[in-house]
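Asker: Build me a model from this:
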Amino acid sequence: GFFGIRGFWKVSSVSKKVLKLRDDPSRLGFGSVCSGFCSTSEREGVWKMIDHCFEQDDAKALQQVLALKGLSGRYPKLLRRVLEKKPGSLKCVKFLMDRESTPFCVELSLDILSKMTAEHL
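Answerer: Okay, here's the model as predicted:
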C-alpha cells in the first residue's frame, strides 16, 4: 500500500468512519497495505506494530493486524514473543492462546513457562 502498515494505522485514526477500515481486511480497507510486505522495511514495520500491540496489551489491534491475508504465517511464534517481551500483556496472551495457530508447549522455554501466572492460564 501507499502508506504502509504504520502509515495506514496513523491515517485511519483521524475519524471514526476511517477507523472502521482497520476492521476490513479486504483490499479496500486494511488489506490495501498487504502489497508492501515484500520489502524488508515493511516487514520490520509489521514487527514494530505487533510489538506495540504487546506493549499496549491491545488484543483488538493485534487481531486486526493478524487478520490481513498472509500475514499470520509470516510472523510465527507470537505467543513466545509476547511472553518473552511483555508477559504482563494478558489480553494479547489470551488472544494468541485462543488462536488455532498457537505453538505447542514444547516451543516455550522452561524460563517462559516458569514466569507464567494463573492469569496466563
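
Asker: what about the helices in this structure?
Answerer: Ranges of helices in the chain, per DSSP state H, are 4-11, 16-19, 40-56, 59-66, 71-74, 78-85, 90-98, 110-115.

Asker: Which strands or helices does the first one pack on?
Answerer: In this structure, helix 4-11 packs against helix 40-56, with contacts taken as 3 or more CB pairs under 8 Å, 6 or more residues apart in numbering; DSSP states H and E. (C-beta placed from N, C-alpha, C; glycine too.)

Asker: Where does the prediction get shaky in this structure?
Answerer: 1-5, 12, 22, 26-39, 100-121 (pLDDT under 70).

Asker: can I get the helices of the chain in CSV with distance to residue 25 and mean neighbour count?
Answerer: What follows is those, written out as CSV (distance: least, CB to CB, whole Å; neighbours: other CB atoms under 10 Å):
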stretch, distance to residue 25, mean neighbour count
helix 4-11, 12, 17
helix 16-19, 15, 10
helix 40-56, 14, 16
helix 59-66, 8, 19
helix 71-74, 9, 14
helix 78-85, 17, 19
helix 90-98, 16, 18
helix 110-115, 30, 11
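
Asker: Quick check: residue 73 vs residue 91, distance?
Answerer: Distance of residue 73 to residue 91, computed by CB to CB, to the nearest Å: 23 Å.

Asker: Please apply the same query to residue 18.
Answerer: Distance from residue 18 to residue 91, by CB to CB: 24 Å.

Asker: How about the contacts made by residue 94?
Answerer: Neighbouring residues of residue 94 by CB atoms under 8 Å, 6 or more residues apart in numbering: residue 59.

Asker: Residue 91 too?
Answerer: Here residue 91 is in contact with 57-59 (CB under 8 Å, 6+ apart).

Asker: again, 6 Å this time
Answerer: Residues near residue 91 by CB atoms under 6 Å, 6 or more residues apart in numbering: 57, 59.
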